[in-house]
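**Student:** Could you work out the structure for the sequence below:
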Amino acid sequence: MLLKTPFAAYLGAAALAALAVGCGGALGGSTGSAGASTMGAAGSPTAGAAGSSTAGAAGASTTGAAGASTAGAAGASTTGAAGSSTAGAAGSSTTGAAGSSTAGAAGSSPAGAAGSSTTGAAGSSTAGATGAVCAIPAAAAAADVSHQTTVVGDGTAPSCTAAKIVAAVAAGGVVTFSCGAAPLTIVVPEIEIINDGGITKDGSVTIDGGGKITLSGGGKNRILRQNPCDQTLHYTTTHCNNQDTPHLVLQNLALTAGAGAADEVTKGGLLGGGAVFVGGGTFKAVSLTVTNSHQTNAAGQLVQDLAGGAIYTVNLSTTGGPTFVVGSTFEDNSAINGGALGSIGTSWTILNTVFKNNAAMGHGENPARSGTQGGGLGGAIYNDGNGFTLTICGSRLENGQANELGSGAICQVADDLKGALVIDRSTFTGNSVTGDVQASAKHPGIYVQARDRVNGTSGVTITATTF
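**Tutor:** Down below sits the predicted model:
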């Protein structure tokens, strides 16, 4: 694919390489043996690189760098050369009350001019009430907000305006809200994080909605944008494509009606993110609800790399550990790829989270087939790049829709075949399997190239999970 120089400057070498190949791009071009995942003692799969957890003998659970425990009966997860990846004992899913998560009416935020606010159930962020199936590591816990930098509002709804939220984010630090007892939806413009801004002078900010605040793009704009490689937001290092800051934490918050414009070459590296774009630094979401948000693009152009109806990430810090999403809900979001999450090279660890009714709307895969504009991969999650691990535990992925490769739930491609997919105690229901080419792997709704381009099992560990 031809890239204009200004766009290429925003992405690191790994990201550019991922764009050149893309999710599903090397289908059928198998390199290496199907047995890249080796078997350990007592039949325990050793997933190897990229922090993937390995199950020891007789259910001895160990936690890898991604922080996911893949405990279960010995041999429940199979990723060896036989290629028979199984989901453990039939019905062994322990997701229990995972269905108890409710997104409230967060999606009901009315569109309007930035700065308008409405009270009502729209702001009730009850995200990810999945019964906390999986333990939360300390690094994934909600941030301490007891020492606020800015409190938006004086205890009344009218005092909580979009302008005050923009100013609070610019001030950095910890932002909380005092907008009255009732949930509140506030329509905001796209809020930009200044890379050398705030009290820490590195743009870092934690936004805590207290379970009552919904920020809405009004169906007109993205809600938040963090990008160390955007000169208009100020360069702070010579390596913007791999720097540790800013740190963005969104917690106890709902986002709705985001509409994030994306383009292959002319939007300064903005490849997606209907509600949130994070182009560097670090990111964490705890009890975040994102609904009715969409990655948008102009018609009549190549769109094979665009993704992330809710959130898009690229160039995240490689020293900060995995990117955590905890106790959250993503519902009714859409994009060309990755109806909820889209990313290049991000090692997500997703815990006790619900993905529901998200859709990848494109057609033609990546690279795009002749006569198509491309995309249609990963109804809920689209993850591309090199050397990353996708870890999912205690989560539900349901009714995801994608037009390509049977990837109604997930499309994951490690272009360097040094990736891993780890799924534990989760439930997959009603995800589309259109064009499935990995049916023998027995994980419907998932297309994966972790350590092999064809079989869908090498580098894959699935335990106590139902499909």
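
**Student:** Show the contacting residues for Thr176.
**Tutor:** Contact partners of Thr176, counting by C-beta atoms under 8 Å, 6 or more residues apart in numbering, are 145, 148, 150-152, 208, 210. Every C-beta, even on glycine, is put in place using the N, C-alpha and C of the backbone.

**Student:** Is it possible to mark the buried ones in those residues?
**Tutor:** 145, 148, 150, 152, 208, 210 (16 or more other C-beta atoms under 10 Å).

**Student:** Between which two of those residues is the distance greatest?
**Tutor:** Thr150 and Gly210 (13.5 Å; C-beta to C-beta).

**Student:** ok, Ala340 to Ser395 distance?
**Tutor:** 11 Å (C-beta to C-beta, to the nearest Å).

**Student:** Give me the common contacts of the two.
**Tutor:** Residues touching both Ala340 and Ser395 by C-beta under 8 Å, 6+ apart: Phe355.

**Student:** Which residue of the two possesses the greater neighbour count?
**Tutor:** It is Ala340, of Ala340 and Ser395, that has more neighbours when counted by other C-beta atoms under 10 Å, with 36 against 29.

**Student:** what helix or strand is the closest residue to the more buried one other than its chain neighbours on?
**Tutor:** Sequence neighbours aside, Phe330 is the residue nearest to Ala340 in space, at 3.8 Å (criterion: C-beta to C-beta, 6 or more residues apart in numbering). Element membership for Phe330, per DSSP states H and E: strand 329-331.

**Student:** Give me the sheet partners of that strand and which way each runs.
**Tutor:** If you go by DSSP bridges, strand 329-331 pairs up with strand 282-291 (parallel), strand 354-356 (parallel).

**Student:** Quick one: name whatever helix or strand follows the shortest one.
**Tutor:** Toward the C-terminus, strand 354-356 is succeeded by strand 359-360 as the next helix or strand (DSSP H and E).

**Student:** Give the pairing partners of that next one; include direction for each.
**Tutor:** strand 334-335 (parallel), strand 401-402 (parallel).

**Student:** Single out the most deeply packed of these.
**Tutor:** strand 334-335 (a mean of 29; mean count of other C-beta atoms under 10 Å).

**Student:** What score does Val460 have for pLDDT?
**Tutor:** pLDDT recorded at Val460 is 98.

**Student:** List the contacts of the residue most central in space within the chain.
**Tutor:** By C-alpha atoms, centre = their mean, the chain has its centre lying nearest to Leu341, at 3.5 Å. Shown in contact with Leu341 (C-beta under 8 Å, 6+ apart): 308, 310-313, 325, 330, 348, 380-383.

**Student:** do the same with Ala141
**Tutor:** By C-beta under 8 Å, 6+ apart, the contact list for Ala141 reads 286, 326.

**Student:** ok, now with 10 Å
**Tutor:** Contacts for Ala141 (C-beta atoms under 10 Å, 6 or more residues apart in numbering) come out as 251, 284, 286, 324, 326.

**Student:** Name the nearest of these relative to Val133.
**Tutor:** Val326 (11.6 Å).

**Student:** Specify the beta-bridge partners of that closest one.
**Tutor:** Beta-bridge partners for Val326, by DSSP bridges, are Val286, Leu351.

**Student:** Distance of it relative to Gly258?
**Tutor:** Counting by C-beta to C-beta, the gap from Val326 to Gly258 is 20 Å.

**Student:** Only the buried residues of stretch 214-233, if you could.
**Tutor:** So stretch 214-233, judged by 16+ other C-beta under 10 Å, has buried residues 214-230, 233.

**Student:** Take it, keep the C-alpha atoms, and write them as PDB.
**Tutor:** Extracted in PDB, the C-alpha atoms of stretch 214-233 (Å, rounded to 0.1, in the frame of the first residue of the first chain):
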ATOM      1  CA  THR A 214     -22.000   9.900  30.200                       C
ATOM      2  CA  LEU A 215     -20.000  11.900  27.700                       C
ATOM      3  CA  SER A 216     -21.600  12.000  24.300                       C
ATOM      4  CA  GLY A 217     -20.200  12.900  20.900                       C
ATOM      5  CA  GLY A 218     -23.700  13.700  19.800                       C
ATOM      6  CA  GLY A 219     -23.300  11.500  16.800                       C
ATOM      7  CA  LYS A 220     -21.000  14.200  15.300                       C
ATOM      8  CA  ASN A 221     -17.500  13.700  16.600                       C
ATOM      9  CA  ARG A 222     -15.000  11.500  18.500                       C
ATOM     10  CA  ILE A 223     -15.000  12.100  22.300                       C
ATOM     11  CA  LEU A 224     -11.300  11.800  23.300                       C
ATOM     12  CA  ARG A 225      -8.100  11.900  21.400                       C
ATOM     13  CA  GLN A 226      -4.600  11.200  22.700                       C
ATOM     14  CA  ASN A 227      -1.700  11.200  20.200                       C
ATOM     15  CA  PRO A 228       1.900  12.000  21.100                       C
ATOM     16  CA  CYS A 229       2.700  11.900  17.400                       C
ATOM     17  CA  ASP A 230       0.400  14.800  16.500                       C
ATOM     18  CA  GLN A 231       2.500  17.900  16.300                       C
ATOM     19  CA  THR A 232      -0.500  20.100  17.000                       C
ATOM     20  CA  LEU A 233      -0.700  18.400  20.400                       C
END
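
**Student:** Please compute how far that stretch lies from its chain's middle.
**Tutor:** 16 Å (C-alpha atoms, centre = their mean, to the nearest Å).

**Student:** Okay, now the unreliable bits of the stretch 51-200 of the chain?
**Tutor:** 51-132 (pLDDT under 70).

**Student:** Strands of the stretch 201-350 of the chain, residue ranges please.
**Tutor:** Ranges of strands in the stretch 201-350 of the chain, per DSSP state E, counting those that start in this stretch, are 205-208, 213-216, 224-226, 247-256, 259-261, 276-278, 282-291, 294-296, 311-314, 323-326, 329-331, 334-335, 341-344, 348-351.

**Student:** can you tell which of these is closest to Ile410?
**Tutor:** Nearest of the strands of the stretch 201-350 of the chain to Ile410, taken as C-beta to C-beta: strand 341-344 at 9.5 Å.

**Student:** Averaged pLDDT, that closest one. What do you get?
**Tutor:** Averaged across strand 341-344, the pLDDT comes to 96.

**Student:** Can you give the strand pairings for that strand, parallel or anti for each?
**Tutor:** Strand 341-344 has these strand partners (DSSP bridges): strand 311-314 (parallel), strand 381-385 (parallel).

**Student:** want to throw those into TSV with mean neighbour count, mean pLDDT and distance to Gln301?
**Tutor:** Compiled in TSV, the strands paired with strand 341-344 are given as follows (neighbours: other C-beta atoms under 10 Å; pLDDT from 0 to 100; distance: least, C-beta to C-beta, whole Å):
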stretch	mean neighbour count	mean pLDDT	distance to Gln301
strand 311-314	32	95	17
strand 381-385	32	96	18
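
**Student:** Dump those to TSV, plus distance to Val188.
**Tutor:** Output for these, formatted as TSV (distance: least, C-beta to C-beta, whole Å):
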stretch	distance to Val188
strand 311-314	16
strand 381-385	26
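
**Student:** looking at these, which is closest to Val303?
**Tutor:** strand 381-385 (12.5 Å).

**Student:** What's the first helix or strand after that closest one?
**Tutor:** Immediately after strand 381-385, counting by DSSP H and E, sits strand 389-393.
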